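A.B. asks: sharing a model that was predicted from the sequence below.
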Amino acid sequence: MSLYIDADACPVKAESERVATRHRLKMYVVSNGGLRPSQNPLVETVIVPEGPDIADMWIADRVGPGDVVVTGDIPLAAKCVEAGAQVLKHNGEPLTQANIGNVLATRDLMTDLRSADPFRQGGGKGFTKADRSRFLDALERAIRAAAKS
């Protein structure tokens with residue numbers, strides 16, 4: 001059982017490391033650079049080459065049942081769910097077989113809407129303390145569920 005972090009623009013790396021350490025889990029922090037490596041022996045910083053979705057492919061090629069993935073990338077999440085992993089968004093929202101289809105469809109719809117109106121700006125909400133708290137609770141639950149699988 002491992003914890004994979006899609007680390008580019010991930011606001012919960014430190015929280016994930018604390019939880020992984022408490023559970024004695026190997027944690028992979030995957031990005032294409034720009035991160036300070038952790039001194040924690042349970043944390044491996046993986047730097048992949050520049051390019052679209054290289055970090056996502058690295059994670060998707062390795063993840064399986066019993067693993068936990070933290071990502072905001074919906075196509076990566078879909079691959080990880082299909083592989084049998086527990087998947088969480090940064091705000092703690094679980095992505096599962098039951099909801100990944102709808103989440104993918106919504107993502108595609110929003111992409112189409114944004115491309116149809118190039119003047120549409122912003123719209124995203126900030127990351128709050130409540131999001132961080134929900135994430136920590138959801139990560140604990142996901143690790144316990146992964147341990148059972």
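C.D. replies: Structure's in. What do you need? Residues are numbered from 1 along each chain as shown.

A.B. asks: please count neighbours and contacts with C-alpha atoms only from this point.
C.D. replies: Will do.

A.B. asks: the least confident helix or strand in the chain by mean pLDDT: what's the following helix or strand?
C.D. replies: Lowest by mean pLDDT, DSSP states H and E among the helices and strands of the chain is helix 100-116, with a mean of 69. Sequence-wise, the next helix or strand downstream of helix 100-116 (DSSP states H and E) is helix 129-148.

A.B. asks: okay, now the unreliable bits of this structure?
C.D. replies: Across the chain, residues meeting the criterion (pLDDT under 70) sit at 107-115, 118-124.

A.B. asks: pick out the residue nearest the middle of it.
C.D. replies: T71 (1.6 Å; CA atoms, centre = their mean).

A.B. asks: how close does K13 get to E140?
C.D. replies: According to CA to CA, to the nearest Å, K13 stands 14 Å off from E140.

A.B. asks: I should have written R134 there, sorry.
C.D. replies: From R134 to E140 the distance is 10 Å (CA to CA).

A.B. asks: repeat for L88
C.D. replies: 11 Å.
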